[in-house]
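> Attaching a predicted model along with its sequence, questions to come.
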Amino acid sequence: MANVTIYTATWCAFCHAAKDYFDKQGVKYTDKDVEHDADAFRESVEKSGQRGIPVIDIDGQIIVGFDRPRIDAALKA
């Protein structure tokens, strides 16, 4: 199973959609709240090179936004 980390905020609709998708697919993930955790925010920016969320790290492959085709491909890799 892939090692998945998602960087989110409570107000982010696409973050909720991504987490719901992972839940429905049975994918376990670590949720890091960039809204309340400054270290998580810095880590997200370092990985993605930008400030947008969600940032999804699947075994080192960084996906910005809720891009289901890229997520599915990364999970299969």
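Right, received. Where do you want to start?

> pLDDT below threshold where in the chain?
For the chain, no stretch is flagged by pLDDT under 70.

> Try it again at 90.
In the predicted model of the chain, residues 1-2, 77 satisfy pLDDT under 90.

> what helices or strands is the longest helix along the chain leaning on?
Criterion DSSP state H: the longest helix present in the chain is helix 13-25. Where contact means 3 or more CB pairs under 8 Å, 6 or more residues apart in numbering; DSSP states H and E, helix 13-25 is packed against strand 4-8, helix 68-76. Yep, even glycine has a C-beta here, placed from its N, CA and C like the rest.

> most packed of these?
For the helices and strands packed on helix 13-25, average neighbour numbers computed from mean count of other CB atoms under 10 Å are highest in strand 4-8, which has a mean of 22.

> List of residues touching it?
Outside of strand 4-8, the residues within contact range by CB atoms under 8 Å, 6 or more residues apart in numbering are 15-16, 18-19, 22, 27-35, 40-41, 43-44, 47, 53-59, 75.

> Now with 6 Å, please.
15, 18, 27, 29-32, 34, 44, 53-58 (CB atoms under 6 Å, 6 or more residues apart in numbering).

> Just those residues: which are in strands?
Thr30, Asp31, Lys32, Val55, Ile56, Asp57, Ile58 (DSSP state E).

> Any chance of a ChimeraX selection covering the buried ones in the residues you listed?
If you want just the buried ones from the ones in strands among the contacts of strand 4-8 in ChimeraX, going by 16 or more other CB atoms under 10 Å, the selection is:
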select :32,55,56,57,58
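
> Using JSON lines, lay out the ones in strands among the contacts of strand 4-8 together with distance to Gly65.
Listed next are the ones in strands among the contacts of strand 4-8 as JSON lines, based on distance: CB to CB, whole Å:
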{"residue": "Thr30", "distance to Gly65": "18"}
{"residue": "Asp31", "distance to Gly65": "16"}
{"residue": "Lys32", "distance to Gly65": "16"}
{"residue": "Val55", "distance to Gly65": "9"}
{"residue": "Ile56", "distance to Gly65": "8"}
{"residue": "Asp57", "distance to Gly65": "13"}
{"residue": "Ile58", "distance to Gly65": "13"}
